[in-house]
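>>> Okay, sequence plus prediction incoming.
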Amino acid sequence: MNTLTLITLAAASTLSGTALAADFMTDAQVVSATPLYERFNDPKRECWLETSTPQASATQGDRSPMGAIIGGLAGGILGNQVGKGGGKDAATAIGAITGAIVGDRMQSTPGAAQTVERCRVTDNWTQRLTGYSVTYRYSGHEFTTVTANDPGRYLRVNVQVNPVTNMR
């Protein structure tokens, strides 16, 4: 519908005494179309397997004497059980010394290798196009709206014209 049709409708409604409304679609000139983006985070979980071997303490001061003490007691008891007569004291002493050495070495020996799963979460920021902020010009006035797509040079608009009946 064009301007001549609107004038004809307005004249007809004035002559007949009834107010007619006009509703039509036309093109408006696009002044600008700015993309609108939304930022969102989609975190990603990354996991991997690591093999580790527990290490012996580097210095004697870092180790506990418990291995040697327990080993010495166990060796002393066994030596006492094995020895007879006058050799009983010597067997107890040798068992205690041997047990202390073995207990100390068992404590300081690295353990078996272990496989451990390690995980971390990393941010994964992306942008998503959500629409366009469009400024358009119609009938000498500028309007702004949001559209899902880029409208190009022209935007189809719906125009509704209602006459004012109480003019004085």
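Received it, and whenever you're ready, just let me know what you need.
>>> Distance of the spatially most central residue of the chain relative to residue 50?
Most central in the chain under Cα atoms, centre = their mean is residue 43, positioned 2.0 Å from the mean C-alpha point. Distance, residue 43 to residue 50, using Cβ to Cβ, to the nearest Å: 22 Å. Using the backbone N, CA and C atoms, a C-beta is placed for each residue, glycine as well.
>>> For stretch 141-160, measure first residue to last.
When the termini of stretch 141-160 are compared using Cα to Cα, to the nearest Å, they are 15 Å apart.
>>> Show me what it is in contact with.
21-31, 33, 35-36, 131-138 (Cβ atoms under 8 Å, 6 or more residues apart in numbering).
>>> Of those, select the buried ones using a ChimeraX command.
Buried members of the contacts of stretch 141-160, defined by 16 or more other Cβ atoms under 10 Å, are picked up in ChimeraX with:
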select :28,30,33,131,132,134,136
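>>> mind listing which of the contacts of stretch 141-160 are in strands?
22-31, 33, 35-36, 131-138 (DSSP state E).
>>> Return the per-residue confidence for the residue nearest to the centre of the chain.
Residue 43 carries a pLDDT score of 94 in this model.
>>> Ok, the one 5 residues further on next?
Among the per-residue scores, residue 48 holds a pLDDT of 92.
>>> contacting residues around the helix or strand encompassing it?
Using DSSP states H and E, residue 48 maps to strand 44-52. Strand 44-52 has contacts (Cβ under 8 Å, 6+ apart) with 113, 114, 115, 116, 117, 118, 119, 120, 121, 122, 124.
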